[in-house]
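K.L.:
Got a sequence here, can you build the structure:
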Amino acid sequence: MKRILRNYNQALGKLASKLENIRIPLFVPGLGCGVLGLALPKVSVDMGKYASRLLRALEYRGFDSTGAAFQGDDQNIILLKDVGAPSTLVKTLGIEKQSGKLFCGQVRWATFGAVTKQNAQPHEVKCKRHLYGAHNGNITNTNDLKIWLTAEGHTILSDNDGEMLVHSVEHFFDIEMDKAGNPEDPELRKACMRRAVVNTASRIVGSYAAVITDPVTQTMWAIKAGSSLYFGHGELEGMSFGLASSDLTAVLRFTKMVVNLREGEFIEFDSSYYQVYAQKALHFISVGKADENYAPGDPIPTKAALSKLRAEDVELQPEFDYFMEQEIYAEPESVGKLVKLFQGGSNSGRRMLELMDSENIHEHLTEKMREILDSTDPDKAKASFDSLIDSGEFASFFEIARSSYQAIFDVVVREDFEQKYLFSADKNTLIDLIGEEFDIRRMILAKAFDSLSEMDSVQEFEMKVREFLQKMKITLQKNRIAYSIACGTSYHATKVGSLFFNEIAGVEIIPILPGDFRGEYSHSMKDHDFIIGVSQSGETKDLIDIFNDITERKLDVSKAVLVNNVNSTLGIEKSDLAIPIYCGPETAVPATKSFMNQIALFYYLAIRTARMKLEEGIDGLNEEQIKEKYSQLEYRNQTLLQIPSLIRETLENTSDVIDSIAAKIYMEPSLHILATKISGVAMEGALKIRETVLNHAEGREASEFKHGPNTILGKNTVYGFKHVRRFVRSLREIMDFIDTEGNHRGLPPQKIREVNAALMDHVFYRNRPFNLSPDAEKLFHDAIHNRDFYATLDRNYPLIYVTGPDAKDVNLTVSQINTHKIRGADTFVIAEEDEHLLRNASSIPREGQYYGWGYVMLPRTGDSLLTCFSATVVLQLLAFRMSVRKMSRLDRLGMMDHGVHPDVPKNVSKSITVD
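P.N.:
Residues are numbered from 1 along each chain as shown. Predicted coordinates for the structure are as follows:
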């Protein structure tokens, strides 16, 4: 099969030459966003290096402009900003070389104001008081603010909503300072600024995170008002520092001590001090804790916590060139960790727990583990760990473990140990505690702690799943409706999840976008409905808005979320229940690992829901039917355990064929992915191609293609580089004929040029020339006689078919293939091996005419639901390979700012925190 695919994979030719007179205008809009604030106790000559690291850490979120403001010991500000990528501008603007005590930075995704230097952030204002700052987000009343601020005497220099925010804070700060008698006392001045931040909230409409700096007190304020924001503190150069960032990974590059700010909070900080305040009236509800109520301006008790993530978790490994590729190949491990939770923990973890129980050391090690892992001081935690290593109790346990746990003693490479034997959420902390040297005693203790921590996670996860099942049971018993609401990739996961619940549990879940839910269901909701939100970040603005709307309805509605970050706005504040998807950090903007873990979790929840229905007798089945259902569930449980291996085998065995198909279609301007029954997979595959390749791609249920979209087959006006290349070559042939024949007929060069100009007018405008001499007009007519100038623009249209192995689905796919290829479609199939499919995909519809085809053979499962996993990773890898090929091609052509990139494609950001 591979040989056949390689034979039909033709190399792409170069674009036609002599295109120097053709200009291709490009619109280059903005991308992701992030804001930064860093405070040191004294001026550091390395501040520019720190700033550059932080700005580059935000680049993966996307960008259109970059800016940095630096302050030293005095009140003078050095402001450097322009249009472009952080990785470029930190050098060209000289950001890397700056010294300073305070740094405020921003990487912009344009919402208000064009992509210009003037609209780049940060902004420095001096109309009434001297402040500087930046934001990310979307302030929707920007135009009204601009009118109001201008009327109040402010000089507005840009159209950017960030400038309106900084001026608004300045305006209220000036009012508060006047009221207080313009105090020189720094503490009184800070109090005025806190009131200004609170008052500004009443003027601003929208969602944002911001950093505002007072140059006089050299204090910074970071505000979380609808967009993600984190604060960390630690040490640099032996000095304490405070760091605010809208991105957690940027903070983790400098410290693991993190304050996870909640919506409506702001933090006042310098290098050694921080305090959280309420920007508005706040009411927080947390499971198992008393409600928290704060008035605007109230201080909020907050402690930094030791993050369980490491900066290494978000770095590119040597064997990969792009984060997207790295994260695709990490999916077997990512899903595998989730499956271990489903199983009740890893085999090695359960064995270690049995060993601890048999030696009566379980309780003692649990107490020590919690003492060490709960410590907020990494040095103290390390000292306690070292002390336990040297204790007599552990020495006895170690000797027992040496004989009972031989597998660990056989591991001689530390990285293998970390990969094979550490599975808990505290894995990274334990790696730090083990240290750099290879010490088997430290590794055994780390494994013991890991097993205890893993069991805590298993028990917590099981508790959450049972709570989910209880909510689902009430909804089913009350004959109410379950909805799964999400955006983008997560929405496609809900489509697949709906398929799983229907097929496995016989339960209807309506997958829907937030905007559609608002329009179609928001006023028909009833008590006992069940809302399941899905979001990787837990900060998706559209979903937060829907959860807010639902809460305002004051119905007895259950709200659960499936999120990667349970400490997010959706996880903590907006839902009754947050179930983690445990995919770990994901750096590339296109989601891959998170989608795979989301659908794996849906698969498991569907199995558990089906079992719950049997145990509760909800469907009223007889004994024989119940026995059959339990048998089906046992099969599903077995397939659940095979999913990581299925993904791994798919990656290993399909890579070459995927690359050959990518080479054929990466420059095609448009394609469709058609799926039978598993349309969520097709939609997600199309989204990955749109995001990373910037080609139009649409995924849909296969049968729907013939209801209108099939009009794109045959002649159409969707043209790409290959179309243009053939068209230009055709025109070049005609122009060569005119040149050669004109010279042969003795026409002077001027007349030949006039004929060529007439040809262009005829081709593009169908104009008849009236300025040609008789001999030139004769040449013109000879050149255009019986020519179809547009025939060279016709190309077959690529269709990708995705189907499971069910006979009905295969037959439907065969029917679609034959219907569409005779109308001008190339055929690419993603399916398990099937002779009927292969024969119909490969047969040429018209002898003598080009026909492109390909077949990615998935590992055999005989199960359409498992095809969702194998086909998904194929489509992800296809999008990645297409993106890299197209990016390289456009770079070679010298096309500037084309925006094609597998990690940071244009116009999208990692977490959408604007409307």
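
K.L.:
Next one: residue 648 from residue 331, what distance?
P.N.:
Computed with C-beta to C-beta, to the nearest Å, the distance linking residue 648 and residue 331 is 8 Å. C-beta: built from backbone N, CA, C; applies to glycine.

K.L.:
quick one: which of these two has more around it?
P.N.:
residue 331 (27 against 18; other C-beta atoms under 10 Å).

K.L.:
For the more buried one, give its distance to residue 593.
P.N.:
From residue 331 across to residue 593, the span is 6 Å (C-beta to C-beta).

K.L.:
what does residue 790 give?
P.N.:
Taken as C-beta to C-beta, the span from residue 790 to residue 593 is 45 Å.

K.L.:
Which one's more surrounded, the two?
P.N.:
Neighbours per residue, other C-beta under 10 Å: of residue 790 and residue 593, the larger number sits with residue 593, 26 against 13.

K.L.:
hey, which helix is longest across the protein?
P.N.:
Longest helix of the chain, by residue count under DSSP state H: helix 623-665.

K.L.:
Could you list every helix and strand in contact with it?
P.N.:
Packed against helix 623-665 by the contact rule (3 or more C-beta pairs under 8 Å, 6 or more residues apart in numbering; DSSP states H and E) you find helix 2-8, helix 331-343, helix 593-616, strand 825-832, strand 853-858, helix 864-893.

K.L.:
so where is the stretch 201-350 of the chain shaky, pLDDT-wise?
P.N.:
Across the stretch 201-350 of the chain, the ranges flagged by pLDDT under 70 are 285-288, 311-314.

K.L.:
where do the strands sit along it?
P.N.:
For the stretch 201-350 of the chain, strands defined by DSSP state E, counting those that start in this stretch occupy the ranges 206-214, 219-225, 230-236, 239-245, 257-260, 265-269, 274-278, 282-284, 292-294, 299-300, 305-306.

K.L.:
between those, which gets nearest to residue 489?
P.N.:
Among the strands of the stretch 201-350 of the chain, strand 206-214 comes nearest to residue 489, with 20.9 Å by C-beta to C-beta.

K.L.:
Any buried residues in the closest one, and which?
P.N.:
By neighbour count on 16 or more other C-beta atoms under 10 Å, the buried set for strand 206-214 is 206, 207, 208, 209, 210, 211, 212, 213, 214.

K.L.:
Which residue ranges of the stretch 1-150 of the chain form helices?
P.N.:
2-8, 47-57, 86-92, 142-151 (DSSP state H, counting those that start in this stretch).

K.L.:
what's the neighbour count on residue 419?
P.N.:
For residue 419, the neighbour count with other C-beta under 10 Å is 13.

K.L.:
and it, what does it touch?
P.N.:
For residue 419, the contact set (C-beta atoms under 8 Å, 6 or more residues apart in numbering) comprises residue 333.

K.L.:
Begin at 18 from now on, thanks
P.N.:
Okay, using 18 as the starting number, the last item reads as residue 436.

K.L.:
Pull up the gap between it and residue 448, please.
P.N.:
Per C-beta to C-beta, residue 436 is found 11 Å from residue 448.

K.L.:
Give me the nearest residue to residue 758, chain neighbours excluded.
P.N.:
Of all residues not flanking residue 758 in the chain, residue 796 sits nearest, at 6.1 Å (C-beta to C-beta, 6 or more residues apart in numbering).

K.L.:
can you tell me which residues contact the one you found?
P.N.:
Contacts for residue 796 (C-beta under 8 Å, 6+ apart) come out as 755, 758, 759, 762, 764, 769, 772.

K.L.:
Ok, which of the helices and strands packed on helix 640-682 comes nearest residue 182?
P.N.:
So among these, helix 610-633 is nearest, using C-beta to C-beta, at 30.9 Å.

K.L.:
For the closest one, enumerate the helices and strands it packs against.
P.N.:
Applying 3+ C-beta pairs under 8 Å, 6+ apart, we find helix 610-633 packed against helix 348-360, helix 457-494, helix 505-517, strand 575-580, helix 640-682, helix 881-910.

K.L.:
Figure out which of these is closest to residue 379.
P.N.:
helix 457-494 (7.9 Å).

K.L.:
in its sheet, what does the helix or strand following that closest one sit against?
P.N.:
Proceeding N to C from helix 457-494, the next assigned helix or strand is strand 499-503, under DSSP states H and E. Strand pairing for strand 499-503, determined by DSSP bridges: strand 526-529 (parallel), strand 547-552 (parallel).

K.L.:
what's the most buried one of the ones you listed?
P.N.:
Stretch with highest mean neighbour count among the strands paired with strand 499-503: strand 547-552 (a mean of 27; mean count of other C-beta atoms under 10 Å).

K.L.:
Give me the residues contacting that strand.
P.N.:
Strand 547-552 is contacted from outside by 488-489, 491-492, 497-504, 507-508, 510-511, 514, 526, 560, 563-564, 567, 574-580, 585, 587, 591-592, 615, using C-beta under 8 Å, 6+ apart.

K.L.:
is it true that residue 353 touches residue 661?
P.N.:
Yes - between residue 353 and residue 661 there is a contact at 3.9 Å, judged by C-beta atoms under 8 Å.

K.L.:
Pick out whichever of these two has more residues nearby.
P.N.:
Each of residue 353 and residue 661 has its neighbours counted (other C-beta under 10 Å); residue 661 has more, 22 against 18.

K.L.:
quick one on the thing from earlier: mind putting the strands of the stretch 218-367 of the chain into CSV with distance to residue 844?
P.N.:
Below are the strands of the stretch 218-367 of the chain laid out as CSV (distance: least, C-beta to C-beta, whole Å):
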stretch, distance to residue 844
strand 223-231, 45
strand 236-242, 50
strand 247-253, 48
strand 256-262, 48
strand 274-277, 50
strand 282-286, 55
strand 291-295, 59
strand 299-301, 55
strand 309-311, 59
strand 316-317, 60
strand 322-323, 54
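
K.L.:
Nearest to residue 785 among those strands would be which one?
P.N.:
Closest among those, using C-beta to C-beta: strand 223-231, at 56.4 Å.

K.L.:
buried ones in the longest strand belonging to the chain?
P.N.:
Longest strand in the chain by number of residues (criterion: DSSP state E): strand 51-61. For strand 51-61, the neighbour count (16+ other C-beta under 10 Å) marks 51, 52, 53, 54, 55, 56, 57, 58, 61 as buried.

K.L.:
what do you get for stretch 434-448?
P.N.:
By neighbour count on 16+ other C-beta under 10 Å, the buried set for stretch 434-448 is 434-435, 438-448.

K.L.:
Stretch 796-807 too?
P.N.:
796, 797, 800.

K.L.:
what's the answer for stretch 245-257, then?
P.N.:
By neighbour count on 16+ other C-beta under 10 Å, the buried set for stretch 245-257 is 245, 246, 247, 248, 249, 250, 251, 253.
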